[in-house]
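A.B. asks: I need the structure of the sequence given here:
(one chain, ligands or ions: 2)
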Amino acid sequence: MTESSVHPALWPAPHASGAVDATVVVPGSKSVTNRALVLAALAAEPGWLRRPLRSRDTLLMAQALRAMGVGIEEGVGPDGSGEAWRVIPAGLHGPTTVDVGNAGTVMRFLPPVAALADGPIRFDGDPRAYERPLTGVIDALRVLGARIDDDGRGALPMTVHGGGALDGGPVAIDASSSSQFVSALLLSAPRFNQGVEVRHTGSRLPSMPHIRMTVDMLRAVGAQVDEPETGGEPNVWRVSPSALLGRDLTVEPDLSNAQPFLAAALVTGGRVTIPDWPEYTTQPGDMLREIFTTMGGSCELTEGGLTFTGSGRIHGIDVDLGEVGELTPGIAAVAALADSPSTLSGVAHLRLHETDRLAALTKEINELGGNVTETADGLHIEPRALHGGTFHTYDDHRMATAGSIIGLAVPGVEIENVATTAKTLPDFPQMWTRMLGA
Ligand SMILES: O=C(O)C1=C[C@@H](OP(=O)(O)O)[C@@H](O)[C@H](O)C1
Ligand SMILES: C=C(OP(=O)(O)O)C(=O)O
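C.D. replies: Ligands and ions are numbered 1, 2, ... in the order given. Alright, predicted model coming up:
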């Protein structure tokens, strides 16, 4: 969690003068957009992606696929409504370089795609991307027939020497540090000569809803997937080789990006509606309905969306967040304002996310007067009266939104580098201010 040597501007996090009452339209899901781009690029025919998220992570994904030869054009969607990308698959070519930024989805989902390309694809990214785990993907691809040059650490930077095709077949990986290893291998597998059989051998597997999302989206484009949750062997996923369909997909709102706005209702005892909240979804953010209700609110899902209403009280929570790790910073922020202690567990792997999120949350909340302690796999939070100060974000979008949640209740909180929210929600500061002025 290195602090940036330059200190980008401090953003005074708005303090809420009363209960918020707002409707907030949240842009598309990062996880859905980046999976849909990969699947559309590997399809046998063009497809449409409506209401895609346009943020650093998804624009990097689109740019990388374009660099390998895929057509991604701006359009208005087949029925004339809404912004859309038309994705036109093509032969995948190197040589080229992929900038992954600090996007887990780009650094993990694209090496298997690059193995199918014809020519070398170099992968590079932000300094933090060099530290994030990638061995599960690199080692697996080598077993499946790919040639990869890295510096021996099993991390970025590296070059995948695409041979135009990949054998595929059975492979064992330890995905306890990231579910994205499993998703990465499954997403490209229909295009491997023998498909794939991925066997997870580690003790824990985080973020299962994101693996479910991968499986659902593969099936939606015609892939055949056997997996543990529909009667398959535990910890084993099989994808058969097949052509993929080009589809017309509308991307759901990003429910993890809805989190700070729902938290605002909880923290201020107000009410926030998120339109287009899906009735069924694999997004982990859907768990917020339960988690934030336990912490003191109530919610109603109607045709108009999800309305979350705070009760004016915030309660602590004891919860395993292993399935929904990316919600941890926002939950920790709310927990720091609660009327009782919280224990958040099951998230040791967050130490290897955009920053070491457990260390960063502990340090930043404590510097505002809080009492957070790191445990082996999470955080213990004893609420204290907090005071203003600088909230450092360590180039982590979810640190910036977590600090903003605290700022609603604590005057004088300043967020360092709020622009880091551009990773998944470039418009965050404006949306936040609008919500408070509504
Ligand atoms: O596949 C995905 O889209 C994601 C999976 C999760 O990664 P980890 O399993 O590495 O936590 C999640 O935290 C990340 O924000 C998005
Ligand atoms: C962990 C996250 O992102 P990434 O896709 O880079 O892993 C996140 O968005 O919280």
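A.B. asks: alpha carbons only for contacts and neighbour counts from here, please
C.D. replies: Noted.
A.B. asks: What ranges in the stretch 301-438 of the chain fall below the confidence cut-off?
C.D. replies: 438 (pLDDT under 70).
A.B. asks: any idea how this structure splits into domains?
C.D. replies: As assigned by automatic domain parsing, the chain contains the domains 10-27+253-437, 30-250.
A.B. asks: To what extent is Gln180 buried, counted in neighbours?
C.D. replies: Counted with other Cα atoms under 10 Å, the neighbours of Gln180 add up to 26.
A.B. asks: To clarify, my last question referred to Ile317.
C.D. replies: By other Cα under 10 Å, the residues close to Ile317 number 21.
A.B. asks: Name all residues that make contact with the closest residue to it other than its chain neighbours.
C.D. replies: Excluding its sequence neighbours, the residue lying closest to Ile317 (Cα to Cα, 6 or more residues apart in numbering) is Ser342, at 4.6 Å. Ser342 is in contact with Gly316, Ile317, Asp318, Ala335, His380, Ile381, Glu382, counting by Cα atoms under 8 Å, 6 or more residues apart in numbering.
A.B. asks: Also Gly378?
C.D. replies: When contacts are counted by Cα under 8 Å, 6+ apart, Gly378 touches Thr343, Leu344, Ser345, Gly346, Val347, Ala348, Leu358.
A.B. asks: which residues pair with it across the strands?
C.D. replies: Here Gly378 shows beta-bridge partners Thr375, assigned using DSSP bridges.
A.B. asks: Compare the contacts of Gly378 and tell me which has the most neighbours.
C.D. replies: Using other Cα under 10 Å as the neighbour criterion, Leu358 leads the contacts of Gly378 with 27 neighbours.
A.B. asks: any idea how far that residue lies from Arg398?
C.D. replies: Per Cα to Cα, to the nearest Å, Leu358 is found 12 Å from Arg398.
A.B. asks: Check whether stretch 240-256 comes near ligand 1.
C.D. replies: No - Stretch 240-256 stays clear of ligand 1 (Cα under 6 Å from any ligand atom), getting no nearer than 8.6 Å.
A.B. asks: Can you pull the residues of this protein lying near ligand 1?
C.D. replies: Counting by Cα under 6 Å from any ligand atom, the residues of the chain near ligand 1 are Ser31, Thr105, Ser178, Ser179, Gln180, Pro206, Ser207, His210, Gly325, Glu326.
A.B. asks: try 5 Å this time
C.D. replies: Ser31, Ser178, Ser179, Gln180, Ser207, His210, Glu326 (Cα under 5 Å from any ligand atom).
A.B. asks: For the closest residue to ligand 1 within the stretch 1-150 of the chain, give me its contacts.
C.D. replies: Ranked by Cα to the nearest ligand atom, the top residue of the stretch 1-150 of the chain for proximity to ligand 1 is Ser31, at 3.9 Å. Going by Cα under 8 Å, 6+ apart, Ser31 touches Thr105, His210.
A.B. asks: and it, that one's in a helix?
C.D. replies: Yes - looking at Ser31 with DSSP: H, G, I helix; E, B strand; the rest coil, it is inside a helix.
A.B. asks: Spatially, which residue comes closest to Gly297, not counting chain neighbours?
C.D. replies: Gly310 (4.2 Å).
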